[in-house]
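Enquirer: Need coordinates for the following:
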Amino acid sequence: MAKTTRAARTKPTQPTATETASPKVGLQPAFKAPGEVVADTLEQLHHVVEDTVDPLGMSAPIAHAQLAWLAHPQELTDRMLRLSTDLWRLQWHTFNRMLGLPSEDPIKVNDEDVRFADPIWTEAPSWDLLKEWHLAFTHHTQDMLHDTPGMSTRERRKAAFWWRNWLNAMAPSNYLLTNPVAMKHAIETKGESLRKGFQIFLEDMKAGNIRMTSPDDFKVGENLATTPGSVVMRNHLIEVIHYAPTQAKVHAQPIVIVTPWINKFYVLDLTPKKSMVRFLLDQGFDVFITSWKNPDASMRDIRFDDYLMEGIHATIETARAMSGADKVHAVGYCIGGTGLSMYMAWANKHFAPEDVPVADVTLFTTLVDFHAPGDINVFIDESSVNYLTRKMARTGYLDGKDMAASFRLLRSNSLIWHYVEQGWLNGEPPPPFDVLYWNMDATRMPQAMHSWYLKELYLKNRLIQPDALTVAGEPLDLARINQPLYAVSAEDDHVAPWKQTFHVNNHFTGPKRYVLSTSGHILGIVNPIVKPPKRSYRAAEAHRSDKPEAWLKRAEQHEGSWWEDWMAWLKPRAGKLVNARPSATAAFPELAPAPGTYVQES
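Expert: As a prediction, the model looks like this:
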């Protein structure tokens, strides 16, 4: 096996703009028939309208929903009768409140909706009625869109999503003159809350973002990502960090963590109490982790093949060479887990069975089947992907702020409007929160990789089709992966829904254990052991024929963190205990102390 180089790899020379774009001297442009000219003009006009008027396809599903209801008059009549009944109840409630009579709210606030938690929204008749009429309009609109006849589930969800975001933006809690809590606070502070709120508004406008935490609250390497270690390999795509041991003896086979390249690696090394990296070190493991470079325009041609070979494979080979172990235990998170799954399919095709360099696989909130990828699906259809592809072609990358904004829209009340109300209206700066700081520390996606990823995985769902994708010279079939699998998902994950991540069990052929944690995409994984326990999890073996519901019925529930279950599964597989290795050696000297240099790039 070829030794992995530690120096930056030389990329194949790319054709220059002159070679690819300039016509040869003496050649005349090809003549186009009038029909072709008209077709080209219409296509360009379509792109202009799509890019400037409705790039994400917001209006089309809403218009389709309106036409669908008009085309189904009987269903529309039934819905209007239900609406009139509810409106009569609301009118009666309004009449009682105006007369000062007791009346129970006909429209209940959802438990997770904290916008109207203050008692004044219920106790004061005027504010109660404002709240109730807003909720009535919102709930009925949402219900009608979700129940639209004659539309696909995908279109109904898109229509409901965009209407919900508009309705959330129009909520009375977002505006000073219709928010009694903010007005009361302004009076109590003699206008000081308004002055502070305006200052927060100006700072947010300057930052070009509604900030969820102050950028001055944290600094990577000082109060985040502080676990000692060394960068022991660097190329144009990654830095590989090897952490200093905390135990005298460590398991012989190291752990290699493949982090998502959508955000920066230190979500797994936040503060010492939340750090999964530090936990693994204390458990006697030798830990390597990927820190991906934040791409710029010069990396526009970086492909998924590069992420697999010069990212994942290079990291695994570095860990093997430095530890002397023949195999590693590979861990992948989110898109890092998707990449690791593709690497495992590649490795099981590329190597003889005994030479596959990974002993077992752990996946955190990982999709391999993209048939129903969750709420993010509202942003991903052929039109949206084509728009993003053209946008990336102009810049060479997808800006991290664009992706972060998309994810925030999935939970706009809690991730956008909450900070508008608390900051702009009440003058309260957001409290320090390490996870939200990490969430705002966005990265870019190179054009070639991200376009391929969206089209081949999200649009065509080709990863689960045997040998439909060829990556790094090998056709991929997930069924070739026979190494043991430990897969973790989270109940409230809206990025990678657990019932969809469960399908990994239907494709990998080795023994599998599946774990379902409480909480969401981040806090379901960044789930340290605490007493008394904050969360719980379900765990059970999984089989290729399993369906999520059947597995859930037999999965045993446990209080506490799944980290303990993972250790019980992993430690017996990790080899004997040997003397701990230093973070850097003569063969692999320290190129930079952890957390490295790539993570500092903006």
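
Enquirer: wait, residue 593 sits on residue 232?
Expert: No. Using C-beta atoms under 8 Å, residue 593 is not in contact with residue 232; the gap is 11.1 Å. C-beta coordinates here come from the backbone N, C-alpha and C atoms, glycine included.

Enquirer: Among these two, which residue is more densely surrounded?
Expert: Legend: neighbour count by other C-beta atoms under 10 Å for residue 593 and residue 232, higher for residue 232 (25 against 16).

Enquirer: What are the phi and psi values at that one?
Expert: phi -110, psi -10 (degrees, to the nearest 10).

Enquirer: Surely it and residue 594 touch.
Expert: No. Contact criterion C-beta under 8 Å: residue 232 and residue 594 do not qualify, at 10.0 Å.

Enquirer: quick one: common contacting residues for the two?
Expert: 241, 583 (C-beta atoms under 8 Å, 6 or more residues apart in numbering).

Enquirer: Next, report how far stretch 451-463 is displaced from the centre of its chain.
Expert: 16 Å (C-alpha atoms, centre = their mean, to the nearest Å).

Enquirer: Just the mean pLDDT for it, thanks.
Expert: Rounded to a whole number, the mean pLDDT of stretch 451-463 is 95.

Enquirer: and the closest residue to residue 585 other than its chain neighbours, what does it touch?
Expert: Closest residue in space to residue 585, ignoring its immediate chain neighbours: residue 322 at 6.9 Å, by C-beta to C-beta, 6 or more residues apart in numbering. Listed by C-beta under 8 Å, 6+ apart, the contact set of residue 322 reads 232, 242, 254, 288, 581, 585, 587-588.

Enquirer: I'd like to know which of those are part of strands.
Expert: 232, 242, 288 (DSSP state E).

Enquirer: Give the full set of residues in contact with the last one.
Expert: When you say that, I think you mean residue 288. So residue 288 contacts 240-243, 254-257, 315, 318-319, 322, 328 (C-beta under 8 Å, 6+ apart).

Enquirer: Let me know how buried the spatially closest residue to it that is not a sequence neighbour is, in neighbour terms.
Expert: With C-beta to C-beta, 6+ apart as the criterion, residue 288 has its nearest non-adjacent residue at 4.4 Å, and that residue is residue 319. Residue 319 has 28 neighbours, counted by other C-beta under 10 Å.

Enquirer: What distance do you get for residue 319 to residue 243?
Expert: Noted for residue 319: a distance of 11 Å to residue 243, by C-beta to C-beta, to the nearest Å.

Enquirer: Could you point out the helix or strand that follows the lengthiest helix in the chain?
Expert: Taking DSSP state H as the criterion, the chain has its longest helix at helix 73-98. Going down the chain from helix 73-98, the next helix or strand is helix 120-123, by DSSP states H and E.

Enquirer: Does anything pack onto whichever helix or strand comes after that next one? Which helices or strands?
Expert: Using DSSP H and E, the next helix or strand after helix 120-123 towards the C-terminus is helix 125-146. Applying 3 or more C-beta pairs under 8 Å, 6 or more residues apart in numbering; DSSP states H and E, one finds that helix 125-146 contacts helix 59-70, helix 73-98, helix 120-123, helix 153-169.

Enquirer: and residue 568, how many residues sit next to it?
Expert: 10.

Enquirer: in the helix or strand encompassing it, what's buried?
Expert: In the assignment (DSSP H and E), residue 568 maps to helix 563-570. By neighbour count on 16 or more other C-beta atoms under 10 Å, the buried set for helix 563-570 is 563, 565-567, 569-570.

Enquirer: how far is the helix or strand following that helix from where the chain is centred?
Expert: Later in the chain than helix 563-570, the nearest helix or strand by DSSP H and E is strand 577-579. How far strand 577-579 lies from its chain's middle: 37 Å, per C-alpha atoms, centre = their mean.

Enquirer: confidence score at the nearest residue to residue 484 once chain neighbours are set aside?
Expert: Leaving aside its chain neighbours, residue 484 sits nearest to residue 360 (4.2 Å; criterion: C-beta to C-beta, 6+ apart). We have a pLDDT of 97 for residue 360.

Enquirer: Go ahead and confirm residue 360 touches residue 481.
Expert: No. At 10.4 Å, residue 360 does not count as touching residue 481 under the criterion of C-beta under 8 Å.

Enquirer: which residues does the residue nearest to the spatial centre of the chain contact?
Expert: Among the residues of the chain, the one closest to the centroid is residue 495, at 5.0 Å (C-alpha atoms, centre = their mean). Applying C-beta under 8 Å, 6+ apart, we find residue 495 in contact with 334, 365, 374-376, 407, 410, 521.

Enquirer: If any of the residues you listed are buried, put those into a PyMOL selection.
Expert: Selecting only the buried entries of the contacts of residue 495 in PyMOL, with 16+ other C-beta under 10 Å as the criterion:
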select buried, resi 334+365+374+375+376+407+410+521
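
Enquirer: Tell me the one of the contacts of residue 495 nearest residue 124?
Expert: Closest approach to residue 124 among these (C-beta to C-beta): residue 410, at 32.4 Å.

Enquirer: Now the closest one. Nearest residue, chain neighbours left out?
Expert: Using C-beta to C-beta, 6+ apart, the closest residue to residue 410 is residue 375 (4.6 Å).

Enquirer: Now residue 273. Nearest residue, chain neighbours left out?
Expert: Residue 273 sits nearest to residue 528 (C-beta to C-beta, 6+ apart), 6.2 Å away.

Enquirer: what about that neighbour, neighbour count?
Expert: 17.

Enquirer: re earlier: would you mind giving me the ChimeraX syntax to select the buried ones in the contacts of residue 322?
Expert: Here is the ChimeraX command that selects the buried residues among the contacts of residue 322 (16+ other C-beta under 10 Å):
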select :232,242,254,288,581,588
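
Enquirer: Of the contacts of residue 322, which is the nearest to residue 463?
Expert: Nearest member of these to residue 463, counting by C-beta to C-beta, is residue 288, at 25.3 Å.

Enquirer: one step back: kindly reformat the contacts of residue 288 as CSV containing pLDDT.
Expert: Listed next are these as CSV, based on pLDDT from 0 to 100:
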residue, pLDDT
240, 98
241, 98
242, 98
243, 98
254, 98
255, 98
256, 98
257, 98
315, 98
318, 98
319, 98
322, 97
328, 98
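
Enquirer: Between those residues, which sits nearest residue 352?
Expert: Closest to residue 352, out of all of the contacts of residue 288 and judged by C-beta to C-beta, is residue 328, at 17.2 Å.

Enquirer: wait, doesn't that closest one sit right on residue 319?
Expert: Yes. Using C-beta under 8 Å, residue 328 is in contact with residue 319, at 5.1 Å.

Enquirer: Give me the common contacts of these two.
Expert: 254, 256, 288.

Enquirer: contacting residues for the first one?
Expert: So the one you mean is residue 254. Residue 254 touches 285-288, 319, 322-323, 325, 328-329, counting by C-beta under 8 Å, 6+ apart.

Enquirer: With the second one instead?
Expert: The contact partners of residue 256, by C-beta under 8 Å, 6+ apart, come to 288-290, 315-316, 319, 328-331.

Enquirer: Just the ones in strands from the residues you listed, please.
Expert: Checking the contacts of residue 256 against DSSP E, those in strands are 288-290, 328-331.
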